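In: whatever this is, show me its structure:
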Amino acid sequence: MDYAAKFEAGQNYAEFLQTYGNEEQRRRWAAVYDQVKLTPAQRDLLAGFQREMKILCLSGTWCGDCVNQCPIFTHFEAASPRLHIRYFDRDASPDLCAALSICGGARVPVVVFLSEDGQQVGWYGDRTISKYRQMAADQLGATCPTGLIPQDKTLLEAVTQDWLNEFERTQLILRTSPRLRKLHGD
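Out: Numbering: from 1, shown residues only. Here you go, the predicted structure:
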């Protein structure tokens, strides 16, 4: 898959919601967007990114996991001029859907991280570790030996941090890349 070419065909957040979301779906996404609050430390981290990152997000406006995660990405993009995110509807992008299946299924959201020149750096999705921990605790009960979300942290805060860790990891891969360090002289 030529992710660099695909990136150019994507839509920004507002265009994606306008094209694929109905009024109720857009309302739900806006409600989560309004709940996301980045800490000063998270904003500083994002503002300090040095390398351009292109990010493809395979999503669905109807998807509850997307509703609860994709608005986080928009906050990240607003905090860092180095982030450029393009959204793709899962059902309208069968090629991406096939390339990014997880556990044999068409899961969303899935994010593909690219360098400034369109090289794939990594991909991540569909739910974060904090969400899976919560699901395991709810579905498997106390017998499931997994870490749990600390009581002083909401699931949205935990998921926001999980995603920020992935964005930061990608930024650090790009920042320490010998190829990009040579290109940028740093």
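In: and stretch 160-170, how far from the chain's centre?
Out: Taking C-alpha atoms, centre = their mean, to the nearest Å, the mean C-alpha location of stretch 160-170 is offset from the chain mean by 8 Å.
In: list the buried residues for that stretch?
Out: Residues 160-164, 166-168, 170 are the ones in stretch 160-170 that count as buried (16 or more other C-beta atoms under 10 Å). C-beta coordinates here come from the backbone N, C-alpha and C atoms, glycine included.
In: strands of this structure, start to end?
Out: Along the chain, the segments classed as strands by DSSP state E run 53-59, 83-89, 110-114, 120-125.
In: that older thread, looking at the buried residues of stretch 160-170, spot the one nearest residue 3.
Out: Using C-beta to C-beta, residue 170 is the member of the buried residues of stretch 160-170 that lies nearest residue 3, at 13.4 Å.
In: before we move on, the earlier item: can you tell me which of the buried residues of stretch 160-170 end up in helices?
Out: Secondary structure defined by DSSP state H assigns 160-164, 166-168, 170 of those to helices.
In: distance between the ends of stretch 135-155?
Out: One end of stretch 135-155 to the other measures 11 Å (C-alpha to C-alpha, to the nearest Å).
In: what about it, average pLDDT?
Out: Here stretch 135-155 scores 65 as its mean pLDDT.
In: which stretches of this protein have low pLDDT?
Out: 141-153 (pLDDT under 70).
In: so which residues of it form helices?
Out: With DSSP H as the criterion, the chain has helices spanning 3-8, 13-20, 23-35, 40-47, 64-79, 94-99, 129-140, 155-176, 178-184.
In: neighbours of residue 174, how many?
Out: The number of residues packed near residue 174 is 23, by other C-beta atoms under 10 Å.
In: am I right that it is in contact with residue 51?
Out: Yes. Residue 174 lies in contact with residue 51 (C-beta atoms under 8 Å); the separation is 3.8 Å.
In: that'll do, ta.
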